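1. Here you go, sequence then predicted model.
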Amino acid sequence: MRYAAIGVGAALLLAGCGSSADSGPALSVDAAYIPQPVSDMAAGFLTIRNEGGTKDELTSVTSDAGPVTVHETSGGTMSEVASLDVPAHGRLVFRSGGNHLMFEKLERKPRQGEKVTVTLHFAESKDLKVEIPVESATYVPKTGN
């Protein structure tokens, strides 16, 4: 009887230790910023982290500030894309000279110290609302984003 109880206890313990490879996406955002725009256009940068065991896909971005599109930069060429992958146990980085969010018709120019709110939409995960701080036009992140 004692061995049966130990066996049941061990089984319950192992069941509680599910592999992270079995988990769904677990998304978070950091290193977000927008350089202060000089026109009605601006670029936004951030990092989407996925601590989960399955990939997800950023499918669109919306904002009260105006229309936002997702752009990919490859080989020095920028193009709008419908979606970008957020790899399992990885990250999707938006940085100057690379992938970025493009605000094409800002309803008003945000100034340094203000924030622009965006909502990131994903194929699998719930939407993420992010307040992106507006930095100086020459801002360079310390971490390199």
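-> Sure, I can see it. Keep in mind it's a predicted model, so treat the numbers as computed, not measured. Residues are numbered from 1 along each chain as shown.
2. what element comes up after the host helix or strand of Leu92 heading to the C-terminus?
-> Leu92 belongs to strand 90-94 when assigned by DSSP states H and E. With elements assigned by DSSP H and E, the helix or strand that comes after strand 90-94 is strand 100-103.
3. what does the model give the residue minimising distance to the centre of the chain for pLDDT?
-> Nearest to the geometric centre of the chain sits Ile48, at 2.7 Å (CA atoms, centre = their mean). On pLDDT, Ile48 comes in at 98.
4. picking up where we left off before, quick one: strands adjacent to the strand holding Leu92?
-> strand 42-50 (antiparallel) (DSSP bridges).
5. can you pull out the helices in this protein?
-> With DSSP state H as the criterion, the chain has helices at 2-16.
6. Show me the shaky parts of it.
-> 1-22, 143-145 (pLDDT under 70).
7. wait, doesn't Gly90 sit right on Asn50?
-> Yes - between Gly90 and Asn50 there is a contact under CB atoms under 8 Å: 5.8 Å. (C-beta placed from N, C-alpha, C; glycine too.)
8. what's the burial count for Ala137?
-> Neighbour count of Ala137, defined by other CB atoms under 10 Å: 11.
9. Tell me which residues touch it, please.
-> Neighbouring residues of Ala137 by CB atoms under 8 Å, 6 or more residues apart in numbering: 35-38.
10. ok so, going back, the more surrounded of Gly90 and Asn50?
-> Using other CB under 10 Å as the criterion, Gly90 and Asn50 rank with Asn50 on top: 23 against 14.
11. Name whatever forms a beta bridge with that one.
-> Leu27, Gly90.
12. which of the residues in stretch 58-77 are buried?
-> Buried residues in stretch 58-77, counted by 16 or more other CB atoms under 10 Å: 58, 61, 63, 65-66, 68, 70-71.
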